[in-house]
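*Asks:* build the 3D model from these lines:
(one chain, ligands or ions: 2)
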Amino acid sequence: MGKKITSFYSKYKGVSDTAKKINRIWEKHIRKASKEIRRLYKSAPIKEERQEIIEDVHKQGYKVFDLHIHTYISDGNESPQSVVDYAIEIGLDGIAITDHNAIRGGKLAQQYIKEKGYGLLLFPAEEISSQNGHIVAYWAEFPEKKIKAGLSAVETCKKIHDMGGIAVAAHPFGPHGVSDPELLTTLFDALEINSRSTAGSDSLAKDFAEAQKIAYTGGSDAHLIQSIGCGCTITKHPVKRTSDLYELIINHKTDVLITPMWVEILTYLEELAEDYEEGLIQD
Ligand SMILES: [Zn+2]
Ligand SMILES: [Zn+2]
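*Replies:* Numbers count the residues shown, from 1 in each chain. Ligands and ions are numbered 1, 2, ... in the order given. Predicted coordinates:
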């Protein structure tokens, strides 16, 4: 390994340690305030704003895909069917249900889309917990075989590739994400820019991917319905089937559209405060 690369790695190692520390503090506060945040988030006019943003991006010729969504099959709040309905309502062109170590949510969503005759593209996927952090696998079709959780990142990525899929580092540098720069540069087809990431680990991931010329994807990591579409992969190229998008991702022909969830909450709080000051709302 060249000297330049080594110093680059050590620079990022330092940054990722700091990011992890900040993330831990932030997570502790978020967890404490999570009930209140959920309440605020539920009443925020996020759906309409999301529709407008996606409509605007469509007008510019982009297709919009949220490639990281959870359902109650793992630790999400919603059913696969309501995730599909919401995605269609806000105007997404495609979604991936990425439940932790489970593909059932994705399969149920696919079945529902078929039954209803919807045009929403469903990307067969799963978020696998490896020893080194979370990894999202995407396939053209749902695989027959299962990849065990708890393997090393090297083994997990090898299995994903052997099964014809692409391996994406979920929320790198964030909590539960792979943060070893060497693993990130050698194992993955793409790194994820995740809208749920806190304390700048999302922009750190983007800077890192760009500096290392690694492809990247966008995903919301939504566990609540309102977060769907906060993080998206976008492209102006045609996407007829799931494998088209994977090819575009690998060939750096996609971009991301990210609005971190906490930014939305803060904006909403700011608006509430303004309305309060102007006497539009009272105690
Ligand atoms: Zn994760
Ligand atoms: Zn996730």
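
*Asks:* okay, and the helix or strand of the protein with the least pLDDT?
*Replies:* Of all helical and strand segments in the chain, the minimum by mean pLDDT, DSSP states H and E falls on helix 3-43, at a mean of 60.

*Asks:* right, and the helix or strand after that one?
*Replies:* Following helix 3-43 in sequence order, the next helix or strand is helix 46-59 (DSSP states H and E).

*Asks:* for that following helix, which helices and strands make contact with it?
*Replies:* strand 63-69, helix 80-90 (3 or more C-beta pairs under 8 Å, 6 or more residues apart in numbering; DSSP states H and E). Glycine gets a C-beta too; all of them are placed from N, C-alpha and C.

*Asks:* ok, and what's touching that helix?
*Replies:* For helix 46-59, the surrounding residues in contact (C-beta atoms under 8 Å, 6 or more residues apart in numbering) are 64, 86, 89-92, 226, 228-230, 234, 257, 259, 264, 268.

*Asks:* need the buried ones from the residues you listed selected in PyMOL.
*Replies:* Applying 16 or more other C-beta atoms under 10 Å to these, the buried members can be selected in PyMOL as follows:
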select buried, resi 64+86+90+91+92+226+228+229+230+234+257+259+264+268
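
*Asks:* make sure Ala140 is indeed in a strand.
*Replies:* No: counting by DSSP: H, G, I helix; E, B strand; the rest coil, Ala140 is not found in a strand; it is coil.

*Asks:* wait, doesn't it sit right on Pro124?
*Replies:* Yes: if you go by C-beta atoms under 8 Å, Ala140 and Pro124 touch, sitting 7.2 Å apart.

*Asks:* give me the number of residues near the residue in the chain positioned nearest to ligand 2?
*Replies:* For the chain and ligand 2, the shortest gap (C-beta to the ion) falls at Asp221, measuring 4.3 Å. If you count neighbours by other C-beta atoms under 10 Å, Asp221 ends up with 26.

*Asks:* how about it: what's its closest non-neighbour residue?
*Replies:* Arg196 (3.9 Å; C-beta to C-beta, 6 or more residues apart in numbering).

*Asks:* mind listing what the residue of the chain closest to ligand 2 touches?
*Replies:* Contacts for Asp221 (C-beta under 8 Å, 6+ apart) come out as 68-70, 170-171, 194-197, 227, 231.

*Asks:* closest one of those residues to ligand 1?
*Replies:* Of all the contacts of Asp221, ligand 1 sits closest to Ala170, with 4.5 Å by C-beta to the ion.
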